[in-house]
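S.K.: Give me the fold of what follows.
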Amino acid sequence: MCVSVSELRQMVMSLRVSELQVLLGYAGRNKHGRKHELLTKALHLLKAGCSPAVQMKIKELYRRRFPTKLVSPTELALPGVHPTAASLPPGLTQLGFDGHRAPPSPLLPISLLGPKHELGLPHLPTSLHPVHPDVKLQRLPFYDVLDELIKPTSLASDNSQRFQETCFAFALTPQQVQQVSSSMDISGTKCDFMVQVQLRFCLSETSCPQEDHFPPNLCVKVNGKPCNLPGYLPPTKNGVEPKRPSRPINITSLVKLSTTVPNTIVVSWTSEIGRSYSMAVYLVKQLSSTMLLQRLRAKGIRNPDHSRALIKEKLTADPDSEIATTSLRVSLLCPLGKMRLMIPCRALTCSHLQCFDATLYIQMNEKKPTWVCPVCDKKAPYEHLIIDGLFMEILNSCLDCDEIQFKEDGSWAPMRSKKEVQEVSASYNGIDGQSQSLKKVEVIDLTLDSSSEEEEDEEPPQKKSCPSLSSISPQMDNGVLNLHRQASPVSRTPSMPQVDTSYIPPPPPLIQDYRHYYSTPTDLSDLSFFPFLQGENHQVIQPKRFLAHCN
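M.R.: Predicted coordinates:
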C-alpha cells in the first residue's frame, strides 16, 4: 500500500518522544533533545527523502501507536505460507507446516487458531501484532542458536489499560522435534535437554544488540501452564519494588513435541510510559564451559609482540610529567582463585597487563553470567577474550616464581621476596660452613660440667698418670673424647647439680680426672676390690696400694 508524503508527515507528527527517538536512531540521526527538536529532525529527514526502510519504520511506529482493530485478509498474508495443507485450519497454514517440510514459523495471532484452540484461553485482543521490529538480542556464549521459532516481536499494548496481555503461537518441524527429543538427558535427578526452546525478552531498541530485560510484573504461560521465572533479587533499598534477574527462560519442558499441535505462549505484564518490550523464541543448543574453553584455544594465542608493545607504551617516559615509571610488576596468580595461572587471558578492551585464568573465568560465568573483568571491573564478554602469548612464555619458563617485573624494553625478570633470597644465601653459606667444619673438628669434653669448668679455670689441677692403667687404655689421654671419626659435632651435655659423693663407691680406673679424697675404713683395708684388674704380670692390685699411689 503506497502512502503519500503528507500521510507520512501526519504519522510522524502523531508520534511520541520515545517513538521519535526510535525513528531517529533507526535512521542514524541524533536522537537526543526535547520533543519539538526531535520532531523537527524527523520532519527534515522526511523532507530530504527517506529510504523505503525508514518509511516502513514510520508506519510500524504509527501502527504501534494506534493499533488497528480490524485487519483485512490481505494484510494477514505472511511469507512462507503453504496453502496446500488442507488437513490444518486456514490459520495454521501460516505456521509453515504442511506435513512434509516447514520453514521457520512466522508469528501466529491467537485469533487465527480457531474456536478449538481458543478454549481455555483468556479473552485476548484480536489486533494483529506489529511487524517484527529491527531488534537484535545479544548472543549468549553458552548457547548456539539453531532456529528462530518466533522472531523478535513487539509486545502490543493498549494504552487504556495498565495490565497488558497478549498471546503468541508457534509449531515445531519434524527435524526440530527430533533435535529436542534426541538431546534428552535423564542421567540426573531431573530431565534435561541439551537442545532447548528458549524464550527471551528485551527492550525494543534498535541502536545495538539488546540484553535480556524483563517487563514489569511479567507472567508467562506456555500451553496453559505457568512458566517458572527467575526468583526476585533482594531490594537494595527499603520501599523499592523487587526485580527479577533478566535471563533466558527455558520452556522446553512445557512445549509439546508435536508437528501437528501448535504451542501457545500467553504473556502478561505491566506497561510503562516511554518503554516498549519485545519477545523472541529460539531453538538453541546448550554448551558447557569445557566447550567454550576449547573454542577459545582454537582461536589461537595472541602474538607476544602485542603485549611487549603495550609494555613499552606504558613505560615510555612522558616529557610533560615529572614522575616516570621505569618498571612494572605483574602477578602470575589469578585474581579469581589466587592460584598460579594456567591459561592467561584478558579482554581486548582491557588496558591492563594483568591476566586471569580462562578456565576459572568461564566456569564462574557458567554459574552466574556477568562477564565482568575481575581486574578492572569492566565488561569482558566471551567474544573479546584472548590468550596472552607473552604470559604463556613466562609461565613455561618461570616455574618457581609468582611475580615478575617488566622493564622499559619489554623484557622481564622474576621477582623474589626477601625471605626467599635469604634462604637461598643461607643455603650457600651452609655448604661452605660444612666444608670448613670438616677441616677443623671441635673437641668437647663430655665428662665436665659447668662447676668443674669454673674450678679448672681458676686453678688447673695437676694430673698424675697411673702406670698400672697405661697398658689398658693407651688411646685415652686425659679423659678427652676424640671426635675426629664422628660425622657431626656433639653438643655439650647439660650441667648437673652437685650431689654428696660420700656414699659413692670408688670410681673405675678408666676415668682418671676424678679424684675423690676420702678415708678407707680399716676393716676394709685388706679386701681386694678389683680382682678383675690385672697388670701385665697378672698380679692383683690391692686397693690400699692403689689409693696410696693415686694420692
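
S.K.: now residue 143, which residues is it bridged with?
M.R.: Taking DSSP bridges as the rule, residue 143 bridges to residue 286.

S.K.: What pLDDT is listed against it?
M.R.: Reported pLDDT at residue 143 in the predicted model: 96.

S.K.: Provide a list of residues in contact with it.
M.R.: Counting by CB atoms under 8 Å, 6 or more residues apart in numbering, residue 143 makes contact with 196, 198, 248, 282, 284-287. C-betas here are computed from N, CA, C, even on glycine.

S.K.: Over to residue 402?
M.R.: Contacts of residue 402 (CB under 8 Å, 6+ apart): 331-333, 340.

S.K.: returning to that earlier point: return the two entries of the contacts of residue 143 that lie farthest from one another.
M.R.: 282 and 287 (14.0 Å; CB to CB).

S.K.: more crowded one of the two?
M.R.: For residue 282 versus residue 287, neighbours defined as other CB atoms under 10 Å are more numerous around residue 282 (22 against 17).

S.K.: what about the residue nearest to residue 207 when sequence neighbours are not counted, how many neighbours?
M.R.: In this structure, residue 207 finds its nearest non-sequential neighbour in residue 25, 4.8 Å apart by CB to CB, 6 or more residues apart in numbering. Neighbour count of residue 25, defined by other CB under 10 Å: 16.

S.K.: what's the span of stretch 264-278, first residue to last?
M.R.: 17 Å (CA to CA, to the nearest Å).

S.K.: on that earlier part again, for the helix or strand where the residue nearest to residue 207 lies, buried residues please.
M.R.: Assigned by DSSP states H and E, residue 25 belongs to helix 17-26. Neighbour counts over helix 17-26 (16 or more other CB atoms under 10 Å) mark 18-26 as buried.

S.K.: got it, and stretch 59-69?
M.R.: 59-64, 67.

S.K.: Using CSV, write out every CA atom in that stretch.
M.R.: Extracted in CSV, the C-alpha atoms of stretch 59-69 (Å, rounded to 0.1, in the frame of the first residue of the first chain):
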residue,chain,number,x,y,z
LYS,A,59,4.3,3.1,9.5
GLU,A,60,5.4,0.4,12.1
LEU,A,61,5.7,3.0,14.8
TYR,A,62,2.3,4.5,13.8
ARG,A,63,0.6,1.1,13.9
ARG,A,64,2.1,0.5,17.3
ARG,A,65,0.9,4.0,18.5
PHE,A,66,-2.6,3.4,17.1
PRO,A,67,-3.2,-0.3,16.7
THR,A,68,-5.9,-1.2,14.2
LYS,A,69,-8.9,-3.2,15.4
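
S.K.: Now do the contacts for residue 329.
M.R.: Residue 329 neighbours (CB under 8 Å, 6+ apart): 403-406, 415.

S.K.: So which of the buried residues of stretch 59-69 sit within helices?
M.R.: Among those, the ones falling in helices (DSSP state H) are 59-64.

S.K.: biggest separation within those, which pair?
M.R.: Top of the distance list for those (CB to CB): 59 and 64, 9.7 Å.

S.K.: now the protein, which segments are flagged as low pLDDT?
M.R.: Scanning the chain with the threshold set as pLDDT under 70 gives 1-3, 67-132, 158-160, 187-190, 317-324, 417-551.

S.K.: domain parsing for it?
M.R.: Here the domain assignment for the chain is 1-66, 88-232+241-287, 291-315+324-418, 512-551, based on automatic domain parsing.

S.K.: circling back: include distance to residue 214 when you put the contacts of residue 143 into CSV, please.
M.R.: Formatted as CSV, the contacts of residue 143 follow (distance: CB to CB, whole Å):
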residue, distance to residue 214
196, 18
198, 14
248, 11
282, 17
284, 18
285, 24
286, 21
287, 24
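
S.K.: Can you say which of those are buried?
M.R.: Buried among these by 16+ other CB under 10 Å: 196, 198, 248, 282, 284-287.

S.K.: elements contacting the helix or strand following the helix holding residue 25?
M.R.: Sequence-wise, the next helix or strand downstream of helix 17-26 (DSSP H and E) is helix 35-47. In terms of contacts (3 or more CB pairs under 8 Å, 6 or more residues apart in numbering; DSSP states H and E), helix 35-47 is packed against helix 5-13, helix 17-26.

S.K.: can you redo the ones you listed as JSON lines with distance to residue 213?
M.R.: Rendered in JSON lines, the data for those read as follows (distance: least, CB to CB, whole Å):
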{"stretch": "helix 5-13", "distance to residue 213": "27"}
{"stretch": "helix 17-26", "distance to residue 213": "15"}
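
S.K.: Please identify which of those is closest to residue 180.
M.R.: Nearest to residue 180 among those is helix 17-26; the distance by CB to CB comes to 35.3 Å.

S.K.: returning to that earlier point: give the contact list for the residue nearest to residue 207.
M.R.: 31, 205-207.

S.K.: Which one (most neighbours) among these?
M.R.: residue 205 (21 neighbours).

S.K.: what's the neighbour count on residue 5?
M.R.: 12.

S.K.: Now that it has come up, it's in contact with residue 46, right?
M.R.: Yes: counting by CB atoms under 8 Å, residue 46 is a contact partner of residue 5 at 6.9 Å.

S.K.: So which residues of the stretch 201-350 of the chain form helices?
M.R.: Using DSSP state H, counting those that start in this stretch, the helices of the stretch 201-350 of the chain run over 289-298, 304-315.

S.K.: Same list, these, but as a markdown table with distance to residue 278 please.
M.R.: As requested, the helices of the stretch 201-350 of the chain are arranged in a markdown table below (distance: least, CB to CB, whole Å):
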| stretch | distance to residue 278 |
| --- | --- |
| helix 289-298 | 27 |
| helix 304-315 | 39 |
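
S.K.: can you put those helices in CSV and add mean neighbour count?
M.R.: Below are those laid out as CSV (neighbours: other CB atoms under 10 Å):
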stretch, mean neighbour count
helix 289-298, 15
helix 304-315, 15
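
S.K.: Compare those and give me the one nearest residue 241.
M.R.: helix 289-298 (34.2 Å).

S.K.: Contacts for the closest one next, please.
M.R.: Taking contacts as CB under 8 Å, 6+ apart, the residues outside helix 289-298 that touch it are 141-142, 343, 345, 358-359, 362-363, 366, 382, 385, 387.

S.K.: Tabulate those (a markdown table), appending neighbour count and distance to residue 308.
M.R.: Listed next are the contacts of helix 289-298 as a markdown table, based on neighbours: other CB atoms under 10 Å; distance: CB to CB, whole Å:
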| residue | neighbour count | distance to residue 308 |
| --- | --- | --- |
| 141 | 20 | 29 |
| 142 | 18 | 34 |
| 343 | 22 | 20 |
| 345 | 24 | 17 |
| 358 | 24 | 21 |
| 359 | 20 | 25 |
| 362 | 24 | 27 |
| 363 | 17 | 30 |
| 366 | 15 | 33 |
| 382 | 19 | 26 |
| 385 | 23 | 20 |
| 387 | 18 | 16 |
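
S.K.: Of the residues you listed, which belong to strands?
M.R.: Using DSSP state E, the members of the contacts of helix 289-298 that fall in strands are 345, 385, 387.
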